[in-house]
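Kindly generate the corresponding structure for this input.
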Amino acid sequence: MTTPAAYDAIIIGSSRAAIFLSISLAQAGKRTAMIERETLGGTCVNVGCTPTKTMVASARVAYLANKAAEYGVHTGPVSVNLAEVIQRKRALVDTLRDYPRGMIDMTPGLDLVMGEARFTGSHSVEVRSGDGEVQDLTAETIFINTGLRVAVPPIPGLEEVPWLDNASIMELETLPERLLVLGGGYIGLEFGQMFRRFGSQVTIVQRGGQLLDREDPDVAEEVAKIMREDGIEVLLSTSAVKAASSGQNQIQLTVDTPQGERAIDGSHLLLAAGRVPNTEALNLDAAAVETDDRGFVNVNERLETSAPGIYAFGDVKGGPAFTHIAFDDFRILRANLLMGMNATTTGRMVPYTVFIDPQLGRIGLSESEAQAQGKSVRVAKLPMDYMAPSRAREMGETRGFMKVIVDAETQQVLGAAILGIEGGEIASILQVAMMGNLPYTALRDGIFSHPTLAESLNDLFMSMDMPMG
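This next block holds a predicted model:
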């Protein structure tokens with residue numbers, strides 16, 4: 001019987017956060033193994049942030065090229081070669097995937113183990129490679145960072161239909177004639193708008209009464225307006241009840257709408273109605289690691305699981321599924337395990353950006369959330385086409401609005417939704433103000449370079465104190 005390889009720490013998964021954690025542990029003198037089932041980099045590098053935003057950039061170029069005449073620029077007919085778009089995406093992903101491999105190889109005491117991980121005890125893991133070879137590893141400290149995958153809804157007939165997820169749709173080299181998108185969240189909207197700009201006909205089917213169900217209704221309504229202006233059919237309060245093939249390379253989705261049942265046809269179907277954790281193959285019972293009823297690993301504010309010495313971080317633990325949150329999880333683990341600190345997830349800010357165009361940047365409380373908490377608030381809200389002088393007007397993208405929630409007593413910013421060009425960047429400015437506990441008046445009276453989008457914050461906050469008719 002082969003003696004298990006003994007390590008001080010084992011990390012299951014190789015996201016950006018996992019790579020930095022593994023290197024930090026190894027540099028601290030802890031012999032560390034990082035286990036990866038498929039490819040280095042996790043969701044973000046391989047099938048998430050990097051590839052989608054690369055393709056979103058290509059879609060925006062196509063959009064602007066089609067609008068070029070509005071800027072006095074005449075380009076002639078515009079066409080999109082999806083195969084070239086995909087190749088550009090692949091090249092960037094390959095580059096970013098190779099970089100961490102070099103970091104790992106240069107770190108003494110850090111081993112990369114390729115294969116599927118499975119707990120065999122509270123401090124032991126079995127790794128099975130693609131060719132069937134099995135390795136046994138042990139460690140006093142183990143970290144779970146296995147991420148999420150698409151949730152497949154229980155729709156009759158779906159098993160007979162060749163559906164796509166966020167990974168497979170980015171490998172298409174032929175443009176879908178008509179794309180059906182099941183789900184009106186971040187993934188559904190980004191891909192829906194992207195492929196509409198590439199030239200596909202797009203229908204988004206959203207079960208809830210609004211897109212982006214966690215946002216304020218006015219934000220969701222404006223997003224839906226933008227999608228429809230881009231030529232996307234948006235079906236709200238609509239549930240898919242049956243899927244079937246309808247002729248050669250055709251899909252028929254039967255949906256229940258407020259107006260009754262109808263059938264919609266498409267050439268491709270994207271599932272974007274939720275994500276589930278990659279935990280079923282881990283054999284967590286062997287390590288006494290508890291999960292919730294959806295399979296997410298339960299952790300406390302220090303990212304400790306129910307099993308001593310086992311931690312979970314990133315999307316697999318539930319909560320906000322963003323790369324920057326996973327990276328903050330890494331910082332918490334490093335601070336506590338290597339620096340003797342007591343860092344926690346309690347009260348941390350959760351910014352995010354939906355990379356539709358124009359962007360939706362979010363930070364802090366929404367108006368609905370503030371009201372639910374019984375807070376006394378003031379709301380500043382101005383359309384992007386109001387700002388005068390308007391950088392948005394100069395750039396030819398005036399859709400959306402800026403909305404900020406302010407505590408009526410402290411005058412501090414509680415949250416913001418910036419739906420407009422570079423909305424994520426503007427929301428970041430407001431986040432810094434929140435981090436510094438600045439009153440809104442500091443931004444209202446601040447001097448920002450002219451003409452910039454940041455300068456619009458002057459007008460936004462002045463609107464609370466004087467008529468802006």
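
any idea which helix or strand carries Phe327?
helix 323-338 (DSSP states H and E).

Buried ones in that helix, by neighbour count?
Within helix 323-338, the residues scored as buried using 16 or more other CB atoms under 10 Å are 323-330, 332-334, 336-337. In short, each C-beta sits where N, CA and C put it, glycine included.

Can you lay out these as CSV showing distance to Met106?
Output for these, formatted as CSV (distance: CB to CB, whole Å):
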residue, distance to Met106
Thr323, 23
His324, 25
Ile325, 28
Ala326, 23
Phe327, 21
Asp328, 25
Asp329, 24
Phe330, 19
Ile332, 25
Leu333, 22
Arg334, 19
Asn336, 26
Leu337, 22
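
List just the nearest of those residues to Val377.
Ile325 (25.2 Å; CB to CB).

Skip the chain neighbours and tell me the closest residue to that closest one.
Val350 (6.4 Å; CB to CB, 6 or more residues apart in numbering).

quick one: contacts for the one you found?
320, 322, 325, 363 (CB atoms under 8 Å, 6 or more residues apart in numbering).

Tell me the one among those nearest to Gln431.
Ile363 (4.5 Å).

partner strands of the host helix or strand of that closest one, parallel or antiparallel?
Assigned by DSSP H and E, Ile363 falls within strand 359-364. Taking DSSP bridges as the criterion, strand 359-364 sits next to strand 352-354 (antiparallel), strand 413-420 (antiparallel) in its sheet.

same for the helix or strand just after that strand, what does it pack against?
Beyond strand 359-364 on the C-terminal side, the first helix or strand identified by DSSP H and E is helix 367-372. Using 3 or more CB pairs under 8 Å, 6 or more residues apart in numbering; DSSP states H and E, the elements in contact with helix 367-372 are strand 377-383, strand 401-407, strand 413-420.

and the angle from the second one to strand 359-364?
Which is strand 401-407. Orientation check (axes from the mean of the first three to the mean of the last three CA atoms, to 10 degrees): strand 401-407 against strand 359-364 gives 0 degrees.

Correct me if wrong: Gly13 contacts Glu36.
Yes. If you go by CB atoms under 8 Å, Gly13 and Glu36 touch, sitting 7.0 Å apart.

between these two, who's got more neighbours?
Under the criterion of other CB atoms under 10 Å, the comparison of Gly13 against Glu36 puts Gly13 first, with 28 against 24.

phi, psi of the more buried one?
phi 120, psi 150 (degrees, to the nearest 10).

For it, give me its contacts.
Applying CB under 8 Å, 6+ apart, the residues near Gly13 are 34-36, 42, 143-147, 314, 316.

Pick out the lowest-pLDDT one from those.
Minimum pLDDT across those is recorded for Gly42, with 91.

The closest residue to that residue other than its chain neighbours pairs with what?
Counting by CB to CB, 6+ apart, the nearest residue to Gly42 once its immediate chain neighbours are dropped is Ser15, at 2.9 Å. The partner list for Ser15 in beta bridges (DSSP bridges) reads Gly41.

returning to that earlier point: most tightly surrounded among the strands paired with strand 359-364?
Of all the strands paired with strand 359-364, strand 413-420 has the most neighbours on average by mean count of other CB atoms under 10 Å, namely a mean of 27.

centre of the chain versus it, how much separation?
Computed by CA atoms, centre = their mean, to the nearest Å, the separation of strand 413-420 from the middle of its chain amounts to 18 Å.

can I have that strand written out in PDB, keeping just the CAs?
Backbone C-alpha positions of strand 413-420 (Å, rounded to 0.1, in the frame of the first residue of the first chain) are rendered in PDB as follows:
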ATOM      1  CA  VAL A 413     -23.800  57.300   1.300                       C
ATOM      2  CA  LEU A 414     -25.500  53.900   2.000                       C
ATOM      3  CA  GLY A 415     -25.600  52.600  -1.500                       C
ATOM      4  CA  ALA A 416     -25.800  53.300  -5.200                       C
ATOM      5  CA  ALA A 417     -26.900  52.000  -8.500                       C
ATOM      6  CA  ILE A 418     -25.200  53.600 -11.500                       C
ATOM      7  CA  LEU A 419     -26.800  52.500 -14.700                       C
ATOM      8  CA  GLY A 420     -24.800  54.300 -17.400                       C
END
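
Save the helices and strands packed on helix 367-372 as TSV, and put in mean pLDDT and distance to Ile19 too.
Compiled in TSV, the helices and strands packed on helix 367-372 are given as follows (pLDDT from 0 to 100; distance: least, CB to CB, whole Å):
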stretch	mean pLDDT	distance to Ile19
strand 377-383	96	40
strand 401-407	98	36
strand 413-420	98	31
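
Could you export the ones you listed as CSV, including distance to Met106?
Shown next, in CSV, are these (distance: least, CB to CB, whole Å):
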stretch, distance to Met106
strand 377-383, 49
strand 401-407, 45
strand 413-420, 40
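
Would you mind saying which of the ones you listed lies nearest Ala9?
strand 413-420 (37.2 Å).

rewinding a little: a markdown table please, covering the strands paired with strand 359-364 and showing distance to Val223.
Output for the strands paired with strand 359-364, formatted as a markdown table (distance: least, CB to CB, whole Å):
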| stretch | distance to Val223 |
| --- | --- |
| strand 352-354 | 8 |
| strand 413-420 | 7 |
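
looking at those, which is closest to Leu270?
Of all the strands paired with strand 359-364, strand 352-354 sits nearest to Leu270, with 16.4 Å by CB to CB.

Need the mean per-residue confidence for the closest one.
98.

one step back: and of the strands paired with strand 359-364, who's closest to Val161?
Short answer: strand 352-354, nearest of the strands paired with strand 359-364 by CB to CB, at 27.4 Å.

Centre of the chain to that closest one, how far?
7 Å.

same check, this time on stretch 96-108
24 Å.

Extract the CA atoms of that stretch and return them as PDB.
Coordinates of each C-alpha in stretch 96-108 appear next as PDB, following Å, rounded to 0.1, in the frame of the first residue of the first chain:
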ATOM      1  CA  LEU A  96      -3.800  34.400 -18.300                       C
ATOM      2  CA  ARG A  97      -3.900  30.700 -17.700                       C
ATOM      3  CA  ASP A  98      -0.200  30.300 -18.400                       C
ATOM      4  CA  TYR A  99       0.800  33.000 -16.000                       C
ATOM      5  CA  PRO A 100      -0.200  31.300 -12.700                       C
ATOM      6  CA  ARG A 101       1.400  28.100 -13.800                       C
ATOM      7  CA  GLY A 102       4.700  29.900 -13.900                       C
ATOM      8  CA  MET A 103       4.100  31.300 -10.400                       C
ATOM      9  CA  ILE A 104       3.300  27.900  -9.100                       C
ATOM     10  CA  ASP A 105       6.400  26.300 -10.700                       C
ATOM     11  CA  MET A 106       8.600  29.000  -9.200                       C
ATOM     12  CA  THR A 107       7.300  28.500  -5.600                       C
ATOM     13  CA  PRO A 108       9.200  26.000  -3.500                       C
END
